[in-house]
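Novice: here's my sequence, what's the structure:
(one chain, ligands or ions: 1)
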Amino acid sequence: MDIDALIEQRYSANHFDATRHVDDVTLTELLRLATLAPSAFNAQNRRFVVASSVKAKERLLRHANGQDKVVHAAATVVVVGRLAPHATLAAALQPSVDAGVIDADLQATLVHYADAMYRDQPQNQRDEAIRSASLSAMTLMLAAQGAGLVSCPMIGFDAAGVHREFGLGNDEIPVMLVAIGHAAAGNWPQKPRLPLADVLAWQ
Ligand SMILES: Cc1cc2nc3c(=O)[nH]c(=O)nc-3n(C[C@H](O)[C@H](O)[C@H](O)COP(=O)(O)O)c2cc1C
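Specialist: Below is the predicted model:
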């Protein structure tokens, strides 16, 4: 399926077929694709906590405002944003140095700029964590669509509860849940959007 079709056909699913599983190999590949989303400085300041067992999904449901699609879906992914990207940037860029894409001097320069941008700047850190996690979440949803699955992004959850339940770190925030699985009957199609002219400005 080409990218236009993936974008046109994706919708936020409310009903998942709880009888149909998605194997770990498939889920792992979707998550690998999600890591290909861009992030500022290539800091990759997000990670994924996958609730795929019945037990883990039920633990998640306790904090999901009663949205039982988190258990009906084959898996629900907590997309976690990481604060303090400057602190881990050197390590995040090391594979790029090893592959010869950038050299060590540029790596050090980027760390320097990231330090200036994020150190002691909680708003910048939070914004970046949400940006990076959101781009990965969207990539994950498109990858799921490409695999013939459906998904639903969710912000209707208790962030403090999810943070505690899944042992997230002090420098981490649960940005979004993404439920993934096979569709059941009764889903709305993708909702109509405002006319493009209402949201588009050419300068
Ligand atoms: C950040 C974000 C949070 C959302 N949270 C929820 C949610 O908690 N529960 C839900 O059923 N849908 C949730 N949605 C889905 C939206 O309602 C949906 O994307 C929107 O209505 C457009 O529908 P469509 O994706 O099918 O076109 C969320 C979407 C986004 C982007």
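
Novice: what does stretch 130-142 rub up against?
Specialist: Residues from elsewhere that reach stretch 130-142 (C-beta atoms under 8 Å, 6 or more residues apart in numbering): 3, 6-7, 10, 30-31, 33-40, 43-46, 48, 77, 79-82, 85, 151, 153, 173, 175-176, 178, 180. (Glycine included, C-beta is placed from N, CA and C.)

Novice: pull the distance from the longest strand out of those in the chain to the chain's centre.
Specialist: Taking DSSP state E as the criterion, the chain has its longest strand at strand 172-181. What separates the centre of strand 172-181 from the centre of its chain is 6 Å, taken as C-alpha atoms, centre = their mean, to the nearest Å.

Novice: quick check: mean pLDDT of it?
Specialist: For strand 172-181, mean pLDDT is 98.

Novice: that one: which residues count as buried?
Specialist: Of the residues in strand 172-181, E172, I173, P174, V175, M176, L177, V178, A179, I180, G181 count as buried by neighbour count, 16 or more other C-beta atoms under 10 Å.

Novice: now swap in stretch 113-132 and tell me
Specialist: For stretch 113-132, by 16+ other C-beta under 10 Å, it's A114, Y118, N124, Q125, E128, A129, I130, R131, S132.

Novice: among the contacts of stretch 130-142, which lie within strands?
Specialist: Per DSSP E, strands hold the following members of the contacts of stretch 130-142: 46, 48, 77, 79-82, 151, 153, 173, 175-176, 178, 180.

Novice: close to the ligand, is the longest helix along the chain?
Specialist: Counting by DSSP state H, the longest helix found in the chain is helix 122-146. No. Residues of helix 122-146 are not located near the ligand by C-beta under 6 Å from any ligand atom, the shortest gap being 7.3 Å.

Novice: please renumber the chain so that the first residue is 34 from this point on.
Specialist: With the count now opening at 34, the last piece we talked about shows up as helix 155-179.

Novice: for that helix, give the mean pLDDT please.
Specialist: Mean predicted lDDT for helix 155-179 stands at 98.

Novice: one more: stretch 218-229?
Specialist: The model assigns stretch 218-229 a mean pLDDT of 98.

Novice: can you list the buried residues in it?
Specialist: Buried-residue list, stretch 218-229, by 16+ other C-beta under 10 Å: empty.

Novice: now the end-to-end length of that stretch.
Specialist: 30 Å (C-alpha to C-alpha, to the nearest Å).

Novice: quick one: it near the ligand?
Specialist: Yes. Contact of stretch 218-229 with the ligand (C-beta under 6 Å from any ligand atom) involves Q223, K224.
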